[in-house]
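Asks: output the structure for:
(one chain, ligands or ions: 2)
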Amino acid sequence: MEGMIFDIQRFSLQDGPGIRTTVFFKGCSLNCFWCHNPESKSGHPQLQFFRHLCTGCQACVKACSQNALEIGVDGRAVLNRDRCVVCGACAEACPAEALMICGKNQTVDEIIQVLLRDKPFYEQSGGGITISGGEPLTQADFAAELLKRCRGEGLHTAVDTAGHVPWESLEKVLPYTQLFLYDLKGVDSDKHKQATGVGQANITRNLERLSRTGASIIIRIPVIPGYNDSPEDMLRTADYLHKLQGIQCVELSPYHRLADGKLKSLGQKSDMPETAELSSEAAKALLKPFEDKNICVRYLNS
Ligand code: SF4
Ligand code: SF4
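Replies: Ligands and ions are numbered 1, 2, ... in the order given. Next comes the predicted model:
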């Protein structure tokens, strides 16, 4: 069995407890405009072109059988995506690593070999492995197989999901998952649809069902300007979460535009607004509704 993976990040400190390795699955069931990993949205391999790295050596032009590349007037390569069939020949030829294929099929064995390299660090720090994306549960069978193998190797397992999948997908990974990092953007369905392309009913229904199984859950909320960044928005979410079991903590994370470079490399435009950083007073006001209900909450300021 193979999964479509676009990155494996070692020594991750933000995806669950301790030192972890995060496996990023390609493909997502939401379309959030603020997505930090826009290269994860498509479930297929994509060509990324970091044009600022190009030295104009022409190796890619010679390697491309589709005539999809030429040297532009500024001396750097120009990519015609309409002609590109994502074969990867240019990426192999490019000495500057300006071209890269994002996403490849990998087996459980291949991934496990990478994950086991850092087992001593997981053991010392209380860490383990996290599967993320994209939405890892769009490849639920592969995810379950990988998690099962990890548990067999004695590794702590976490699943980072936005929950917009059939319940059966969550059910498949449940026996092998020790912690869910459950992304919740808010509980207002109209706003959710506007910002992500889908309503939140399926997401909250799955969260409620998951909480009844006794699973350990950390809720992750990205703070998005104009969408869920008011204390009133957080109060509604806190009211909702207060009724659920198994919520260990709520983590709020700040909005940023770090994805702009990735969007450009994919030939896509950014429609993320420029906004000022959240002040510490404003962040405190967002934490308060949770604190008032004795829900553990933290702001990940990075
Ligand atoms: S991925 Fe293949 S088809 Fe696309 S530009 Fe590179 S060499 Fe040409
Ligand atoms: S091979 Fe790389 S560095 Fe050379 S022209 Fe192509 S993109 Fe630029």
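
Asks: can you tell me the element Thr130 falls in?
Replies: According to DSSP states H and E, Thr130 maps onto strand 128-132.

Asks: hey, C-alpha coordinates of the next helix or strand after that strand in PDB?
Replies: The first helix or strand that comes after strand 128-132 along the chain, using DSSP H and E, is helix 140-152. Provided in PDB are the C-alpha atoms of helix 140-152 (Å, rounded to 0.1, in the frame of the first residue of the first chain):
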ATOM      1  CA  ALA A 140      -7.600   6.800   5.700                       C
ATOM      2  CA  ASP A 141      -6.600   3.200   4.900                       C
ATOM      3  CA  PHE A 142      -3.000   4.200   4.400                       C
ATOM      4  CA  ALA A 143      -3.000   6.400   7.500                       C
ATOM      5  CA  ALA A 144      -4.400   3.500   9.600                       C
ATOM      6  CA  GLU A 145      -1.800   1.100   8.300                       C
ATOM      7  CA  LEU A 146       1.000   3.600   9.000                       C
ATOM      8  CA  LEU A 147      -0.300   4.300  12.500                       C
ATOM      9  CA  LYS A 148      -0.700   0.600  13.200                       C
ATOM     10  CA  ARG A 149       2.900   0.000  12.300                       C
ATOM     11  CA  CYS A 150       4.000   2.900  14.500                       C
ATOM     12  CA  ARG A 151       2.200   1.500  17.500                       C
ATOM     13  CA  GLY A 152       3.800  -1.800  16.800                       C
END
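
Asks: what's the helix or strand following helix 140-152 in contact with?
Replies: As assigned by DSSP H and E, the chain's next helix or strand after helix 140-152 is strand 157-161. Residues outside strand 157-161 that contact it (C-beta atoms under 8 Å, 6 or more residues apart in numbering) are 15-16, 20, 22, 128-133, 135-137, 143, 147, 150-151, 170, 173, 176-183, 220. The C-beta positions use only the backbone N, C-alpha and C, and glycine is treated the same way.

Asks: repeat that with 7 Å
Replies: With contacts defined as C-beta atoms under 7 Å, 6 or more residues apart in numbering, strand 157-161 is touched by 15-16, 128-132, 135-137, 147, 150-151, 173, 176-183.
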